[in-house]
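**Q** Kindly generate the corresponding structure for this input.
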Amino acid sequence: MVILGVLKHAGHMMPHPRQMPISAKHQMEKAHITTGVLPGFSIETGSNPRLIISSPHSGRHYPQAFLASTCRRLDELRQVEDAFMDILLTRHPLDAMLINADFPRSFVDLNRSSDELEPHLFTHLPDDIIVKTSRYTKAGLGVIPSQISRQKPIYSHKLHPDECQRRMTACYAPYHQQIKAMIDNGLLTGTVILLDIHSMPSQITSGSADIVIGSCHGQSAPAWLSTWLCDHFINKGMKTWMNSPFAGGYITQHYGKPKDNVFAIQIEINRRLYMNERQLQLLPEWVDIADMLATMINQISQMMQNDNAL
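**A** Numbering: from 1, shown residues only. This is a model prediction of the structure:
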């Protein structure tokens with residue numbers, strides 16, 4: 001079952017990419033240009049409400065007004081997507097709750113705190129808006145990013161403060177409200193596990209890591225869960241690192257509260273395993289990575305159902 005986000009009212013469930021004609025699959029890989037109401041998020045429901053899968057950076061529905069306001073080309077903006085992660089995560093039915101953003105990371109970054117704003121990006125900000133300076137905002141990578149990478153600004157002009165409010169209200173807040181609602185619902189019957197799944201550019205680890213497991217150095221999830229995940233990927237032949245160079249972003253840090261029976265883990269997957277990074281195209285190997293992810297998710301779900309402590 002697919003439930004569309006509160007701000008996205010059009011769309012239909014689609015068959016898995018392997019079942020589609022090649023032309024249809026290729027269409028799925030392209031960016032979508034949207035007009036009118038801003039893109040929201042999509043949900044797929046499984047039978048285990050206590051296992052939540054989040055893909056906050058795989059959105060590729062680009063608002064037309066955003067593209068008109070940026071000084072970057074679409075292919076440049078797409079380089080910061082966790083491209084196609086939503087396709088990988090919907091290849092097989094998952095015994096979990098899956099939520100993924102439809103809007104792009106360059107428009108709103110859901111893996112940032114709502115106050116990680118960059119004042120210089122706007123003509124001004126209202127006095128009642130509290131701004132938090134972080135290493136991300138200093139790098140132009142706040143909740144509303146000003147850069148896609150060093151020396152690559154997204155805009156050649158300042159934004160009106162209304163644009164900040166519009167994006168936070170229409171895109172950021174509903175996604176996090178939905179995750180919170182999922183967690184609260186899952187806690188009614190036991191411990192909740194949240195897996196925040198991302199992809200990483202291959203050059204970040206110089207090809208030395210296929211998978212990076214982040215638990216905020218043990219603060220967002222117990223050691224046994226991180227170890228289980230690490231062992232699972234190693235047994236699949238993946239070079240797996242723990243908490244380096246990614247220990248977990250805002251979603252993992254904010255929602256992972258082991259003392260309150262909420263475990264959160266960030267999983268980073270090397271893009272070279274499943275896609276051509278330069279051309280933004282899926283490789284045939286994407287099917288193998290999708291299979292591996294589905295196996296991992298469904299095994300965790302089964303473990304949760306079999307272990308009374310969970």
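**Q** switch to C-alpha atoms for all contacts and neighbour counts from now on
**A** Noted.
**Q** need the strands for the stretch 101-250 of the chain, in chain order.
**A** Secondary structure of the stretch 101-250 of the chain (DSSP state E, counting those that start in this stretch): strands located at 147-149, 152-153, 192-200, 211-214, 240-242.
**Q** Return the most buried member of these.
**A** strand 211-214 (a mean of 27; mean count of other C-alpha atoms under 10 Å).
**Q** Neighbouring strands - and their directions - for that strand?
**A** Next to strand 211-214 in the sheet, as set by DSSP bridges, lie strand 240-242 (parallel), strand 262-270 (antiparallel).
**Q** Out of the ones you listed, flag the one nearest Met182.
**A** Ranking the strands paired with strand 211-214 by proximity to Met182 (C-alpha to C-alpha) places strand 262-270 first, at 11.3 Å.
**Q** Check which residues of stretch 29-38 are buried.
**A** Using 16 or more other C-alpha atoms under 10 Å as the test for burial, stretch 29-38 gives 29, 31-32, 34, 38.
**Q** about what we covered before: can you put the strands of the stretch 101-250 of the chain in TSV and add distance to Glu285 and mean pLDDT?
**A** Compiled in TSV, the strands of the stretch 101-250 of the chain are given as follows (distance: least, C-alpha to C-alpha, whole Å; pLDDT from 0 to 100):
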stretch	distance to Glu285	mean pLDDT
strand 147-149	27	94
strand 152-153	31	96
strand 192-200	15	98
strand 211-214	15	98
strand 240-242	18	96
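**Q** now those strands in JSON lines, with distance to Arg50?
**A** Shown next, in JSON lines, are these (distance: least, C-alpha to C-alpha, whole Å):
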{"stretch": "strand 147-149", "distance to Arg50": "34"}
{"stretch": "strand 152-153", "distance to Arg50": "40"}
{"stretch": "strand 192-200", "distance to Arg50": "5"}
{"stretch": "strand 211-214", "distance to Arg50": "20"}
{"stretch": "strand 240-242", "distance to Arg50": "24"}
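**Q** Out of those, which is closest to Arg167?
**A** Nearest to Arg167, of all the strands of the stretch 101-250 of the chain, is strand 147-149, at 16.6 Å by C-alpha to C-alpha.
**Q** ok, what's across the strand from the residue nearest to Phe246 when sequence neighbours are not counted?
**A** Distances taken as C-alpha to C-alpha, 6 or more residues apart in numbering place Gly214 nearest to Phe246, at 5.9 Å, with adjacent residues excluded. Beta bridges link Gly214 to Gln266 when assigned by DSSP bridges.
**Q** Distance check, Gly214 against Gln177.
**A** Distance from Gly214 to Gln177, counting by C-alpha to C-alpha, to the nearest Å: 23 Å.
**Q** Which among the strands paired with strand 211-214 is found nearest to Asp75?
**A** Comparing the strands paired with strand 211-214 by C-alpha to C-alpha, strand 262-270 comes nearest, at 19.5 Å.
**Q** quick one: contacts of that closest one?
**A** 183, 191-202, 207, 209-215, 220-222, 226, 246-249, 252-253, 255-257 (C-alpha atoms under 8 Å, 6 or more residues apart in numbering).
**Q** Mind checking the pLDDT average for that strand?
**A** For strand 262-270, mean pLDDT is 98.
**Q** Next secondary structure element downstream of it?
**A** strand 275-276 (DSSP states H and E).
**Q** counting contacts, what elements does that next one pack onto?
**A** Under the contact definition 3 or more C-alpha pairs under 8 Å, 6 or more residues apart in numbering; DSSP states H and E, strand 275-276 sits against strand 281-282.
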